[in-house]
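Q: what's the 3D shape of this:
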Amino acid sequence: MNAREEVLARIAAAHRIAPPPELGYEDISREYRTTSDSETAQLTELLIDRLVDYRALVRQCSADDLAAEIADALADRGAHTVVVPSGLDSLWTAGFSGSVLTDGLLAHYQRTVSELDSLGGVITGCAVAIAQTGTLILDGSPGQGRRVLTLIPDYHLCVVFADQIVADVPQALARLEPTRPLTMISGPSATSDIELNRVEGVHGPRTLEVIIVRGE
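A: Next up is the predicted model:
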């Protein structure tokens, strides 16, 4: 058997075991894992490992120290003016000495693309984080804002609480409302050309920094 015949044989075998086309959506087998035995600390360490592998910056703190940690992150970045979604908890930026602009969901409260591009960064929360894939998911909630808000600024500071971390994709999807505008972020924006030259910041922020707020 040559390579072509082997490939066609595998395709034919896959067709033979595939569900019949008339199988109803509700009858499709869903035997994938939907729970995890991992503790929060294990999931947190796995998420950090994935984020660092993707070249994201990671910090950890307690809930009481979150405002100070955000201020430290922005100071280390050298950011003087940042934008936040209108629903972000104002206490998060209480320790920041620079200017904090807001971006609303209604058109007349929204910053322009040019304005967003000129700012030092954006701060948001997230809906859920997937440890296995190192993915942060934003769903457009008031504390996360419009999708463009996290695509234009060159620096994105995202706050993740320990109880928002799940093991894998099925668990994450179970927490999400599928009709919301979901943005999935796995590390800073990056792409490679045919010669494998990596370029960052092409279709999103060049720098992603994540603050993980530990549980009590």
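Q: point me to the residue sitting closest to the centre of this structure.
A: L136 (2.1 Å; C-alpha atoms, centre = their mean).
Q: contacting residues for that one?
A: C126, A129, C158, V160, M184, I185, S186, V210 (C-beta atoms under 8 Å, 6 or more residues apart in numbering). Placement of C-beta: from N, CA and C, glycine included.
Q: in helices, which of those appear?
A: Helix and strand membership here follows DSSP state H; of those, not one is in helices.
Q: among these, which ones are buried?
A: Under a neighbour-count criterion of 16 or more other C-beta atoms under 10 Å, the subset of those counted as buried comprises C126, A129, C158, V160, I185, S186, V210.
Q: how about the residues you listed, which pair is most distant?
A: Longest distance between any two of these is 13.4 Å, between V160 and S186; criterion C-beta to C-beta.
Q: picking up where we left off before, the residue nearest to the centre of the chain pairs with what?
A: Residues in a beta bridge with L136, per DSSP bridges, are A129, I185.
Q: report pLDDT for it.
A: Predicted confidence (pLDDT) at L136: the value is 97.
Q: over to E216?
A: For E216, the model assigns a pLDDT of 65.
Q: same question for D89.
A: On pLDDT, D89 comes in at 96.
Q: with S192 instead?
A: Confidence per residue is given as pLDDT, and for S192 that number is 75.
Q: of the contacts of L136, closest to R50?
A: Taking C-beta to C-beta as the measure, R50 lies nearest S186 of those, at 8.0 Å.
Q: leaving out sequence neighbours, find the closest residue to P85.
A: Once flanking residues are discounted, P85 sits nearest to G145: 2.9 Å by C-beta to C-beta, 6 or more residues apart in numbering.
Q: which stretches in the protein count as helices?
A: Listed in chain order, the helices of the chain (DSSP H) span 3-17, 40-53, 66-77, 113-118, 169-175.
Q: give me the residues contacting the first one.
A: By that I understand helix 3-17. Applying C-beta under 8 Å, 6+ apart, the set of residues contacting helix 3-17 is M1.
Q: could you check how many residues crowd around T191?
A: Burial of T191, expressed as a neighbour count using other C-beta atoms under 10 Å, amounts to 11.
Q: spit out the contact partners of the closest residue to it other than its chain neighbours.
A: The spatial neighbour of T191 that comes closest, neighbours along the chain excluded (C-beta to C-beta, 6+ apart), is V202 at 5.1 Å. Residues counted as contacts of V202 (C-beta under 8 Å, 6+ apart) are S189, A190, T191.
Q: could these go into CSV alongside distance to P178?
A: As requested, the contacts of V202 are arranged in CSV below (distance: C-beta to C-beta, whole Å):
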residue, distance to P178
S189, 24
A190, 27
T191, 27
